[in-house]
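**Q** Give me a model of this one.
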Amino acid sequence: MSYERKNRKVVVTGGAGYIGSHIVEELLSSNYTPIVLDNFYSGNKWAIPEGVEVIEGSCGDPILLEKIFNETQAETVFHIAGHIDAQESVVNPLKYYNNNTKNSLTLIQSCIEHNVKNFIFSSTAAIYGSTTEPIVKENDEHYPINPYGRSKKMVEEFLEDLCTASSSSEKSTHLNFVALRYFNVAGASPSGRIGQATPGVKSLIKVVAEVHTGKRDRLSIYGTDYPTKDGTGVRDFIHVSDLSQAHIESLAYLERGGKSDVFNCGYGSGFSVLDVVNTYEKITGNKLKIEKLPRRPADPVSVIADNTKITQHMNWSYKYNDLEQILKSALTWEEQMSKIQ
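**A** Here you go, the predicted model:
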């Protein structure tokens, strides 16, 4: 017997940001009603589709949250808001623990108080830290090497503790959760309407795209002496549209009665920094200007997802598992942005 959804309202924190706006797009195409909560620290109002309800404010504001849940009666929250710069977290850890951890706990508490049933949490592969495993599984030991990773790990642990407490108590919290550990998100929506537009983003493919359009003069490669095939760091790049679809499938999984759990969200294949450079040069025929610099303290050698668990438990089938395709979509988006800025 299929699950009949009675309440299709979904509160999306950070819904005006890069990943959040793509999730809002996916929710709409899946016949949900997204409600965006964003303080516009890094999000853009133009990224929210016309007709979507927008509430400006912080997910750490308990009074605002009470108002939102009382008025919308939403039963699902996608918690995407958060700071994501690992390097910045090293020099300003308090910023990350306040926003990523403290505000998340405030949001979760409000969800429980207002009988929210489903909570999808934006976690990170940074939780694994400098792993020695070539491909990481969810139950591998994780020792995050920066405050960004630790701030997300704390929220995961809190959600797991709540789950344990509810199963051993007569008074259940009724909050089911999925934590998705994002790997390296890149690319732009096939619709051409949205893409990565956050100022100062340091993610590799975004920086390559900005060098391509002349917004930056070169790509800095931090570390060429890693124990990898070409000496540069290796990452598992996932297209933002496939990541967004994983959120929809996570909700469907919980609605089918799936148990609260943590899932890697990546393709299970790794590419080095120089792989990305070479792919760019193959696509464009242009030589990318680079500079080689020493390693940065918060960068792990290699992080690649074992995605067996998510593919076995959810109906998630990705469409864009191709580095050229991811890079082309990022370049097209950046070219479009450069014409209007």
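
**Q** Could you say whether the closest residue to Trp316 other than its chain neighbours sits in a helix, a strand or coil?
**A** Beyond its immediate neighbours in the sequence, the residue positioned closest to Trp316 (CB to CB, 6 or more residues apart in numbering) is Glu249, lying 4.5 Å away. All C-beta spots, glycine's among them, are computed from the backbone N, C-alpha and C. At Glu249, secondary structure determined by DSSP: H, G, I helix; E, B strand; the rest coil is helix.

**Q** Next: the one 3 residues further on.
**A** In terms of secondary structure, Ala252 is helix; the call rests on three-state DSSP.

**Q** Please identify which helix or strand holds Ala246.
**A** helix 240-255 (DSSP states H and E).

**Q** Direction included, what does the helix or strand just after that helix pair up with?
**A** Moving toward the C-terminus from helix 240-255, the first helix or strand encountered (DSSP H and E) is strand 261-265. Taking DSSP bridges as the criterion, strand 261-265 sits next to strand 176-182 (parallel) in its sheet.

**Q** helix or strand right after the strand it pairs with?
**A** Sequence-wise, the next helix or strand beyond strand 176-182 is strand 184-186, with elements assigned using DSSP H and E.

**Q** so what's Ile55 bridging to?
**A** The residues listed as beta-bridge partners of Ile55 by DSSP bridges are Leu37.

**Q** Hmm, Val36 and it touching each other?
**A** Yes: if you go by CB atoms under 8 Å, Ile55 and Val36 touch, sitting 6.8 Å apart.

**Q** Looking at the helix holding Ala246 now, give me its mean pLDDT.
**A** Taken as a whole, helix 240-255 has a mean pLDDT of 97.

**Q** what do you get for stretch 33-50?
**A** Rounded to a whole number, the mean pLDDT of stretch 33-50 is 96.

**Q** Can you give me the end-to-end span of it?
**A** The first residue of stretch 33-50 is 12 Å away from its last residue (CA to CA, to the nearest Å).

**Q** Stretch 96-105 too?
**A** Between the opening and closing residues of stretch 96-105 we find a distance of 13 Å, counting by CA to CA.

**Q** quick revisit: buried residues in the helix holding Ala246?
**A** Neighbour-count burial for helix 240-255, with 16 or more other CB atoms under 10 Å as criterion, is recorded at 240-255.

**Q** Identify the farthest-apart pair in the residues you listed.
**A** The most widely separated members of these, counting by CB to CB, are Val240 and Glu255 (23.4 Å).

**Q** What residue spans form the domains of the chain?
**A** Following the assignment in automatic domain parsing, the chain carries domains at 9-186+237-265, 204-235+268-340.

**Q** most neighbours per residue, which of those domains?
**A** Comparing the domains of the chain by mean neighbour count (mean count of other CB atoms under 10 Å), domain 9-186+237-265 comes out on top with a mean of 20.

**Q** which residues are in contact with stretch 80-92?
**A** Outside of stretch 80-92, the residues within contact range by CB atoms under 8 Å, 6 or more residues apart in numbering are 12-15, 17, 19-20, 23, 37-39, 59, 95-96, 99-100, 103-104, 122, 124, 126, 146-149, 151-152, 202, 296-299.

**Q** redo that, cut-off 7 Å
**A** Contact partners of stretch 80-92, identified using CB atoms under 7 Å, 6 or more residues apart in numbering, comprise 12-15, 17, 19-20, 23, 38, 59, 95-96, 99-100, 122, 126, 146-148, 202, 296-298.

**Q** what does stretch 251-260 give?
**A** 3, 5, 76, 118, 120, 163, 176-178, 313-315.

**Q** got the CA coordinates for that stretch in PDB?
**A** Once non-C-alpha atoms are left out, stretch 251-260 reads as follows in PDB (Å, rounded to 0.1, in the frame of the first residue of the first chain):
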ATOM      1  CA  LEU A 251      11.800  12.200   2.400                       C
ATOM      2  CA  ALA A 252      10.100   9.400   0.400                       C
ATOM      3  CA  TYR A 253      12.300   6.900   2.300                       C
ATOM      4  CA  LEU A 254      11.100   8.300   5.600                       C
ATOM      5  CA  GLU A 255       7.500   8.400   4.400                       C
ATOM      6  CA  ARG A 256       7.700   4.700   3.600                       C
ATOM      7  CA  GLY A 257       8.700   4.000   7.200                       C
ATOM      8  CA  GLY A 258      12.500   4.000   6.700                       C
ATOM      9  CA  LYS A 259      14.400   4.300   9.900                       C
ATOM     10  CA  SER A 260      16.400   7.400  10.800                       C
END
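
**Q** circling back: need the domains of the chain in JSON lines (columns: distance to Gly195).
**A** Rendered in JSON lines, the data for the domains of the chain read as follows (distance: least, CB to CB, whole Å):
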{"stretch": "domain 9-186+237-265", "distance to Gly195": "7"}
{"stretch": "domain 204-235+268-340", "distance to Gly195": "3"}
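
**Q** how about those, which one is nearest Thr198?
**A** domain 9-186+237-265 (4.7 Å).

**Q** gap between the two ends of that closest one?
**A** In terms of CA to CA, the two terminal residues of domain 9-186+237-265 are separated by 24 Å.

**Q** A helix includes Ser220, no?
**A** No: going by three-state DSSP, the assignment for Ser220 is strand, not a helix.

**Q** Gly192: which of the domains of the chain is closest?
**A** Comparing the domains of the chain by their distance to Gly192 (CB to CB), the top pick is domain 204-235+268-340, with 6.8 Å.

**Q** quick one: contacts for the residue nearest to Trp316?
**A** Each residue near Glu249 by CB under 7 Å, 6+ apart is listed here: 314-316.

**Q** Cheers, nothing more for now.
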